[in-house]
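Enquirer: below is the sequence, then the predicted model.
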Amino acid sequence: MNKKCEHIKGLLVDSSYGEIDENHIVKNHLKECSECLEFYVSINDVKGLMDNLELNEDIDPVIIDEVFCEYDKKMKFKKFIIEYICFVITSISVLAAFIFLINLNFILYFLFLQIISIVLSPFIILIILKIKNINYGV
Amino acid sequence: MKEDILINKAKKGDKKSLEKLLYNNYKIVYGYLIKLCLDEDIAKDITQETMLKAIKNIKKFNGRSKFSTWLISIASNKYKDDIKKKKNTDFLNINDNIVSSINDVKTPEKIFLDKEDFSIVKKALLLLPYEKRKVFILKHYYSYSYEEISNILNCPLGTVRSRLHYCIKKLREVMEGDYE
């Protein structure tokens, strides 16, 4: 196959899909070259064959609602994670503040608060997590 | 309501406009994906993932192309990711089976006259490598221009052209193989 035929075949594909207009060079070449003419005919055969693709393209529109539900769930979960991180940071900050004050001999004033924060905080976190999970349907 | 108005409203956070946009376009996305993977379940999953990404990134949509084109672009990337996840093993196996089954078919009448069985078209499509198949589907079934396909698939225009030429030649070979 010579280079001209290869070039013409490329143009034939372009032309059959409306990328370029049919031109005289191609038309004249087709009159002279049986191989390219055969290729030209086969393009239409291929297109005809591929037009017969039959698929069930019906899809339930419920899919959109499902996507929005999933998106809402993800957003709520993201919000929950952010809130949880904020809570943990706040708790650590408070604890750090107590430790700092203990070092400054304020131990008697904050002993009771320390007990509450250290002993009860895991239970408080668990309760919060439980409530959040119920709300988000996890 | 016009598409650009809906897009503007959706970008501002109007959920109903976004919902309307997706309702107007989900069939196009699903139709494209089912042609690409020829599997209803995979197509549905990727359609959902595509819609989810569209909801997340609606503010990034620049409006230079049609909304459906943008969705098809997302769907193409999602399908690519899906293929990567499966590491092509399933597809290679499928292709081997298809090649052998195509060789079993001896007469062209079976393809062209038996109009109730179009599975040969599906097999011929699956024989194309998926990157090239995308180009063929976008051109043949959706009549996108080379330039649009180049933008959708984020590849050079020359690549789009050469991929389409490859597909035509490959499909022609499949047809000729059946004639012999």
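Expert: Cool, the structure landed.
Enquirer: and the strands in chain A?
Expert: For chain A, none of the segments meets the definition of strands by DSSP state E.
Enquirer: which bits of it sit near chain B?
Expert: Residues of chain A lying close to chain B (CB under 8 Å from any CB of the partner chain) are A:9-10, A:13-14, A:17-19, A:39, A:42-43, A:45-47, A:49-50, A:52-57, A:59, A:61, A:63-64, A:66-68, A:70-71. Any C-beta I mention is one placed from the backbone N, CA and C, and that applies to glycine too.
Enquirer: now the buried members of those.
Expert: A:9-10, A:13-14, A:17, A:19, A:39, A:42-43, A:46, A:49-50, A:53, A:59, A:63-64, A:67-68, A:71 (16 or more other CB atoms under 10 Å in any protein chain shown).
Enquirer: so which of those residues sit within helices?
Expert: Of these, the ones assigned to helices by DSSP state H are A:9-10, A:13-14, A:39, A:42-43, A:46, A:49-50, A:63-64, A:67-68, A:71.
Enquirer: show me which of these is closest to residue B:137.
Expert: The closest of these to residue B:137 turns out to be residue A:50 (CB to CB; 9.4 Å).
Enquirer: thinking that closest one is in contact with residue B:171, fair?
Expert: Yes: between residue A:50 and residue B:171 there is a contact under CB atoms under 8 Å: 6.8 Å.
Enquirer: which neighbours do those two share?
Expert: Taking CB atoms under 8 Å, 6 or more residues apart in numbering or on different chains as the contact rule, residue A:50 and residue B:171 both touch residue B:124.
Enquirer: nearest to residue B:4, of the ones in helices among the buried ones among the residues of chain A next to chain B?
Expert: Closest approach to residue B:4 among those (CB to CB): residue A:64, at 20.4 Å.
Enquirer: I'd say that closest one and residue B:23 touch.
Expert: Yes: using CB under 8 Å, residue A:64 is in contact with residue B:23, at 5.8 Å.
Enquirer: pull the helix or strand with minimum mean pLDDT from the chain.
Expert: The chain I'm using is chain A. Ranked by mean pLDDT, DSSP states H and E, the weakest helix or strand in chain A is helix A:107-115, scoring a mean of 66.
Enquirer: look at chain B instead
Expert: One helix or strand of chain B scores below all others by mean pLDDT, DSSP H and E: helix B:108-112, with a mean of 44.
Enquirer: and the nearest residue to residue B:57 once chain neighbours are set aside, how far from residue B:67?
Expert: In space, and not counting its chain neighbours, residue B:57 is closest to residue B:74: 8.0 Å by CB to CB, 6 or more residues apart in numbering or on different chains. To residue B:67, residue B:74 is 11 Å away according to CB to CB, to the nearest Å.
Enquirer: got it, and residue A:21?
Expert: Counting by CB to CB, the gap from residue A:21 to residue B:67 is 30 Å.
Enquirer: and those two? Which one has more around it.
Expert: residue B:67 (21 against 8; other CB atoms under 10 Å in any protein chain shown).
Enquirer: let me see the confidence value for the more buried one.
Expert: For residue B:67, the pLDDT comes out at 91.
Enquirer: that one touches residue B:22, doesn't it?
Expert: No: with contacts counted by CB under 8 Å, residue B:67 stays clear of residue B:22, the gap being 9.1 Å.
Enquirer: state the mean pLDDT of the helix or strand hosting residue B:35.
Expert: Counting by DSSP states H and E, the element that carries residue B:35 is helix B:15-37. For helix B:15-37, mean pLDDT is 90.
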